[in-house]
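1. This is a predicted model, with the sequence first.
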Amino acid sequence: MAERKPRKLFCEISPLTYAISARKEILVRHLKDLFSKDRFPKRPRFDPAKGREPEPMPVIVKGHSSILKRKLNGVDMSLQESKAVNIALACRRINGTVVEPGETFSFWRAVGNPTRRKGYQKGLVISKNRFLADYGGGLCQMANMIHWLVLNSPLTVTELHHHSDALFPDDRRRVPFGTGTSVCYNNVDYRFRNDTDRPVQILVWVDSALGELCGELRTSEAFPCRYRLTEEDHHFSLEDGKYYRVSEVWRAVTDRKTGELVRREKILDNHSEVMYDYALIPPDEIRND
């Protein structure tokens, strides 16, 4: 007796049914937010073209920068150029956002729908481990930036979607592997809540001279603790003919005044299948346990 094939989901039948499903998820998210008790920050109204920039809060909690255009194995460089355009547009929507105590920041409520009409271009997107080009592609880098700033603070992450696989080899990586997040308008969101007693401000901008996305998390008064993230026991493991990237990410929290360790917590266990050419794995990082 022939084995019966599993039934396709409605969204898998055709491009039309996929589009219908996507629209449904977008509507569901809007309805959830409409009836949610979450309070969201007001959208900043600054126009760099007219010389109006946000006034930075006095204390930097964390600053970071990331390279905008990377040479990724098997990826058209033009998609990286488009990504830079998309990120610059998103900066205008996010830069200067102040999240008051008790408020929740939503990436997609801040950025909005990244459509062609708004000037967004086709950049790299990842769907079911496939590389595609779509409008707004590359905005994961912006979400990654904000998440990294938040991880180095006492803010509370309320929605996060990890990349499940190791999609590309490292190229001048500056943060521990696995500390990024996926976003897809608007049902795959990135959100954090300000459970502290003081407001925080997000500043993001593009440094064209350096080719970098820059970001800062600021506040009105320094928080009592400092935060430091490290990646430990990093290696590649061969399991049933497949390579996996394995590591742990830990966060150390220290008292700002005394320098004493308050707590040390593991925030992530990485066990990600390597999806790129195995020849690009550094031989000295392979562990055969």
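-> Good, I have the coordinates.
2. pLDDT wise, what is Arg7 at?
-> At Arg7, the pLDDT value in this model is 72.
3. cool, and Asp277?
-> 87.
4. again, but for the one 5 residues further on
-> Model confidence at Pro282, expressed as pLDDT, equals 92.
5. same thing with Pro169?
-> At Pro169, pLDDT is 78.
6. repeat for the one 5 residues further on
-> Turning to Arg174, the model gives it a pLDDT of 78.
7. Also Arg45?
-> On the pLDDT scale, Arg45 gets 74.
8. For burial, what's the neighbour tally of it?
-> Other residues lying near Arg45 total 8 when counted by other C-beta atoms under 10 Å. In short, each C-beta sits where N, CA and C put it, glycine included.
9. Would you mind giving the secondary structure of it?
-> coil (DSSP: H, G, I helix; E, B strand; the rest coil).
10. tell me which element Asn144 is part of?
-> If you go by DSSP states H and E, Asn144 is part of helix 140-151.
11. Using CSV, write out every CA atom in the helix or strand that that helix is followed by.
-> Next in sequence after helix 140-151, counting helices and strands by DSSP H and E, comes strand 156-159. The C-alpha trace of strand 156-159 is given here as CSV (Å, rounded to 0.1, in the frame of the first residue of the first chain):
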residue,chain,number,x,y,z
THR,A,156,12.2,42.7,29.4
VAL,A,157,12.0,40.9,26.1
THR,A,158,8.4,39.9,25.5
GLU,A,159,8.5,38.6,21.9
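12. Give me the sheet partners of strand 156-159 and which way each runs.
-> When pairing is defined by DSSP bridges, strand 156-159 lines up against strand 191-193 (antiparallel).
13. and the partner strand, how far from the chain's centre?
-> With C-alpha atoms, centre = their mean, to the nearest Å as the basis, strand 191-193 stands 12 Å off its chain's centre.
14. Please enumerate residues in contact with it?
-> 38, 99, 102-107, 146, 150, 155-159 (C-beta atoms under 8 Å, 6 or more residues apart in numbering).
15. Buried members of the residues you listed into PyMOL, please.
-> Filtering the contacts of strand 191-193 down to the buried ones (16 or more other C-beta atoms under 10 Å) takes a single PyMOL command:
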select buried, resi 99+103+104+105+106+107+146+150+155
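16. List just the nearest of the contacts of strand 191-193 to Val253.
-> Leu155 (13.0 Å; C-beta to C-beta).
17. Give me the phi and psi for the closest one.
-> Here is the backbone geometry of Leu155 (degrees, to the nearest 10): phi -70, psi 160.
18. Now it: closest residue in space that isn't a chain neighbour?
-> Phe192 (4.9 Å; C-beta to C-beta, 6 or more residues apart in numbering).
19. hey, what's the one you found bridged with?
-> Phe105, Val157.
20. Tell me how far it lies from Leu217.
-> 10 Å (C-beta to C-beta, to the nearest Å).
21. And for Asp197?
-> Going from Asp197 to Leu217 by C-beta to C-beta gives 16 Å.
22. Looking only at neighbour counts, state which of those two leads.
-> Leu217 (25 against 9).
23. For the host helix or strand of that one, what is the distance to the chain centroid?
-> Under the criterion of DSSP H and E, Leu217 resides in strand 212-219. Chain-centre distance of strand 212-219: 14 Å, with C-alpha atoms, centre = their mean.
24. for whichever helix or strand comes after it, which positions count as buried?
-> The helix or strand immediately downstream of strand 212-219 is strand 225-239, counting by DSSP H and E. Counting neighbours by 16+ other C-beta under 10 Å, one finds that the buried residues in strand 225-239 are Arg226, Tyr227, Leu229, Glu231, His234, Phe236.
25. residue contacts, the last one?
-> It stands for Phe236. Counted by C-beta under 8 Å, 6+ apart, Phe236 has contacts Tyr243, Tyr244, Arg245, Val246, Val274, Ile281, Pro282, Glu285, Ile286, Arg287.
26. Same check on the third one?
-> Contact analysis of Leu229 by C-beta under 8 Å, 6+ apart lists Leu151, Asn152, Val175, Pro176, Thr179, Val249, Trp250, Arg251, Ala252, Ile267.
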